[in-house]
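> no sequence on this one, just coordinates:
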């Protein structure tokens, strides 16, 4: 097990480097110029621009820029914003906890509600309640999250006045409830469906029949024998989903005006602030990689048939 | 005539009533499945009984209803789509079909236990065998985790799994097929039930292992004086261990007999066909006999005798009248205890 | 024969060392007439599935709408008449008329705009899915079939692309372009979207590679390309098709999301996402400006997701 973790961690390095390089290239190699973006519409002396670029190291070849970035990253230096002169690390330190909170909230919602719905439907596959759940999940999958966000805003904030349409700078838990539900709704649908299929399939398994034949109480048959087996694919999905939720937070944060990393990325993209964008994307990639490693380890705990060599 | 008596009387012609006698008695059991393609009549009036220390072999092809009957006894039928419109299953004289859920649950595992065919899929893949064995003691006897584990090791030793202590925390996939089936047997045996139902316990095993597992099962049954219902399609398995045999076809019992007599003198054309199709060393060079045709579709069982389309001696009456289980006698009318045949022409079949 | 019975009564013919008719008839009875192929079976199932029929009808309408919007409306989606039509409410009785769904903040017919908006959405979804399927299948097949170093390399590259969050990555790519035509959006989505299909294809090829008929083809000296194209591809493609069909709906949503964020298509392009984006300012007093294109997006995604569901159920009998 220890060796497997070590190997997985080693494998993460090329993926990490590759992913940052990819984002870095997309940010810098494609047309578009951050310094010019800074100047806006005004005409600026080309010499001034060149000087500024030299100052920021933007005149170097791409690979060299990337090397500088990567070595900086190893020292905990995420770079500096061109326009404000603020260290990117500070921006992330401000924004990341808010996004983490939103993601955590959405994740908890997805897990608890999704799995409950899935169990509820899966226990009686093809029944009326199963069909209703299937339709609900279809709807949740079909309505893009930004539409859902607006609908939520429209009904709960404007029509019913239950919540504030926008989230304040503090981003309190109660304010994040609606954004988290919106963010988690797509995953919720997938988790519910996956759980439902898994439960329905495992209900028909031979070992369930054995458990009944052993004279176990129904609570135990379902709680110990059925759930443990059915949760294996769900856990795998949930692990990869954390990264996706963080990525999706960009849209949700835009709608509800949450000052998280998505909001920061959005601003940075418009300003062509490469360091900020790459820094934040890198962070999300790391979260994704760590989450999938944890899931793999959890997988081994849940399913003894998986052997790590 | 009550058909039941025939089988009940098989080993000891008279008293199979009070204590020590009949453990389980199935009376006129019907099971049907409601499916998209219509109602499949899987079991159509089965009667049989088992006494303590006795082994009843239920023989039949896939779809003959032998497993469904067992599942109905065990109370593990999927209902729906399954339904039991008619019949009684008496355990120690009490009809289990009329019992409450909890009452039935307490019988399962403690009084009647079951061994399944495919141990790999029948054992929970994510729980250690020690846990799954120990569960019996923890749930039914309220033992502690530790006590249950000690009992599990004891059980594993009883079914002769080597290095039981070291292997108690292993998972089912880490055992060989034969060892897994021993674990299934151990699990069924755990609470020393009165009756064990073994549903094709050796079918999924290698031939070399089959005999070992069968011997173990027979030995343990003798030791605990349990009743055993052995469900199989393999005539070879039956010969050595069973006391009496019930042959099933299309959800009915077509023949019952003490085991030796059935081999010697079958009284139903279907049984005869089964016996004739066993390859024999002394008949080298001959073509192997096979019963022609396929088992019937259970949603459209042929009228009359269900076997008539495949029967070499079928007459017109076989297509119209459903034969009851006739009491089989010697040619001179002398009683043959425990023998019955659901064939209009049983006399011709047995006495030629 | 009913399924419940099959489950409980079948035995493992392979391991049962039983001679004679019992074994023989059992083998025969457990394998019902097996003449139809996976594909004709799937097609047979699909035609009977009401979900499939409904989604197929919806998609046909949407595709026709995308190809010939003039059939549905004569109105010009870009014609703005602020003076007469500023945020005019929908007139529900004027079915198929210019003012059916009302007018937006610039006085343009919302009905005309949602009809004409279909083209971009459908185009993006179809072309991206086609590209992604080709790239992903090729990568996955090569990685899975050749294994070794090639597999390690391609799998790592897939991992890298997979690790980058999709919407965020597409945003990064798209902001770099000054002019964002529909083709730029397509390329950006395809650039990042191929990984899932590559993984599925690789997994599928890995199992099929072991099949006897592939071994036989190899033993008979078939060329690598022949094995890949004639033997492996047709057998490995089913799961790929399932994933591709389901992702069709996802790309519609992605295009709308990006356009909504102001990073995908932009005015003067006519797109549901663009309209939803411009409708958000009026959410308080004229929600219909936002809700009507939102419903169009949702219906379209729903149609494709239902199609994907139906195809999956038909091709993967295990899930039934």
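Looks like it arrived, so ask away. These numbers come from a predicted model, not from an experiment.
> what sits against residue C:213?
residue C:231 (CB atoms under 8 Å, 6 or more residues apart in numbering or on different chains). C-beta coordinates here come from the backbone N, C-alpha and C atoms, glycine included.
> let me know the distance separating it from residue C:236.
Distance, residue C:213 to residue C:236, using CB to CB, to the nearest Å: 13 Å.
> what do you get for residue A:129?
Using CB to CB, we find residue A:129 at a distance of 37 Å from residue C:236.
> tell me which of these two has more neighbours.
Each of residue A:129 and residue C:236 has its neighbours counted (other CB atoms under 10 Å in any protein chain shown); residue C:236 has more, 25 against 12.
> and that one, what does it touch?
Counting by CB under 8 Å, 6+ apart, residue C:236 has contacts C:141, C:201, C:204-205, C:208.
> now, among those, which is nearest to residue C:296?
residue C:201 (32.5 Å; CB to CB).
> doesn't that closest one fall inside a helix?
Yes. The assignment for residue C:201 by DSSP: H, G, I helix; E, B strand; the rest coil puts it in a helix.
> nearest spatial neighbour of it, skipping sequence neighbours?
Closest residue to residue C:201 apart from its sequence neighbours, by CB to CB, 6 or more residues apart in numbering or on different chains: residue C:140 at 2.8 Å.
> SS state for that neighbour?
helix.
> go on, the one 4 residues further on?
In three-state terms, and counting by three-state DSSP, residue C:144 is helix.
> give me the distance between it and residue C:158.
11 Å.
> joint contacts of these two?
With CB under 8 Å, 6+ apart as the test, residue C:144 and residue C:158 both reach residue C:202.
> returning to that earlier point: among the contacts of residue C:236, which one has the lowest pLDDT?
The lowest pLDDT within the contacts of residue C:236 belongs to residue C:208, which sits at 85.
> thought it was touching residue C:237?
No. With contacts counted by CB atoms under 8 Å, residue C:208 stays clear of residue C:237, the gap being 10.0 Å.
> strands along chain A, start to end?
Read by DSSP state E, chain A holds no strands at all.
> how many neighbours does the residue of the stretch 201-350 of chain B found nearest chain A have?
For the stretch 201-350 of chain B and chain A, the shortest gap (CB to the nearest CB) falls at residue B:204, measuring 11.3 Å. Each residue near residue B:204 was counted by other CB under 10 Å, and the total is 24.
> and what of residue C:58?
Neighbours of residue C:58 using other CB under 10 Å come to 17.
> can you pull the contacts of it?
Residue C:58 touches C:299-300, C:302-303, counting by CB under 8 Å, 6+ apart.
> just those: which are in strands?
Per DSSP E, the subset of the contacts of residue C:58 in strands is empty.
> distance check, the closest residue to residue C:49 other than its chain neighbours against residue C:51.
Residue nearest to residue C:49 in three dimensions, not counting chain neighbours: residue C:310, with 5.0 Å by CB to CB, 6+ apart. In this view, residue C:310 and residue C:51 are 5 Å apart by CB to CB.
> compare those two and say which is more crowded by neighbours.
residue C:310 (22 against 16).
> I'd say the more buried one and residue C:48 touch.
No. Assessed by CB under 8 Å, residue C:310 is found out of contact with residue C:48, at 10.2 Å.
> neighbours of residue B:316, just the number please.
Per other CB under 10 Å, the neighbour tally for residue B:316 reads 9.
> to which secondary structure element is the residue in the stretch 101-250 of chain C positioned nearest to chain B assigned?
For the stretch 101-250 of chain C, the residue closest to chain B is residue C:207, as judged by CB to the nearest CB, at 19.2 Å. Remark: residue C:207 resides in helix C:195-209, with elements defined by DSSP states H and E.
> repeat for residue C:60
Residue C:60 belongs to helix C:50-67, assigned by DSSP H and E.
> may I see the buried residues of that helix?
Within helix C:50-67, the residues that count as buried by 16 or more other CB atoms under 10 Å in any protein chain shown are C:51-52, C:55-56, C:58-59, C:62, C:65-66.
> just the element for residue C:244, please.
helix C:233-260.
> run the chain-centre distance for that helix.
3 Å (CA atoms, centre = their mean, to the nearest Å).
> do stretch C:50-61 as well
14 Å.
> with stretch A:187-199 instead?
18 Å.
> and that stretch, anywhere near chain C?
Yes. Using CB under 8 Å from any CB of the partner chain, stretch A:187-199 reaches chain C at residue A:197.
> hmm, who's touching that stretch?
Contacts of stretch A:187-199 (CB under 8 Å, 6+ apart): A:106-107, A:109-111, A:113-115, A:117-119, A:121-123, A:125, A:130, A:133-134, A:136-138, A:140-141, A:226, A:229-234, A:237-238, A:241, A:244-245, C:319.
> any residues of the stretch 201-309 of chain A in contact with chain C? List them.
So the stretch 201-309 of chain A meets chain C at A:201, A:204, A:243-244, A:246-248, A:250-251, A:254, A:262, A:265-266, A:269-270, A:272, A:277, A:281, A:284-285, A:288-289 (CB under 8 Å from any CB).
> swap the cut-off to 6 Å and go again
A:247, A:250-251, A:269, A:281, A:284-285, A:288 (CB under 6 Å from any CB of the partner chain).
> select from the residues you listed every entry located in helices.
Among these, the members found in helices (DSSP state H) are A:247, A:250-251, A:269, A:281, A:284-285, A:288.
> those: which two are farthest apart?
A:269 and A:288 (19.8 Å).
> show me where pLDDT drops low in chain C?
Applying pLDDT under 70 to chain C flags residues C:1-36, C:316-320.
> who in it is up against chain A?
C:156, C:159-160, C:163-165, C:167-168, C:172-173, C:175-176, C:253, C:256-257, C:260, C:283-284, C:287, C:290, C:294, C:297-298, C:301-302, C:305.
> show me which of these are buried.
Of these, these count as buried by 16+ other CB under 10 Å: C:159-160, C:163-165, C:167-168, C:172-173, C:175-176, C:253, C:256-257, C:260, C:283, C:287, C:290, C:294, C:297-298, C:301-302, C:305.
> which residue is the nearest non-sequential neighbour of residue B:65?
residue B:251 (3.9 Å).
> next up, the contacts around the one you found.
B:41-44, B:65 (CB atoms under 6 Å, 6 or more residues apart in numbering or on different chains).
> out of the residues you listed, which end up buried?
B:41-44, B:65.
> narrow those to those in strands?
Short answer: the buried ones among the contacts of residue B:251 in strands (DSSP E) are B:41-44.
> near chain C, which residues of chain B?
Near chain C, when you scan chain B using CB under 6 Å from any CB, you find B:33, B:35, B:40, B:42, B:61-63, B:67, B:81, B:200, B:203-204, B:207, B:233-234, B:277-279, B:290-291, B:294-295.
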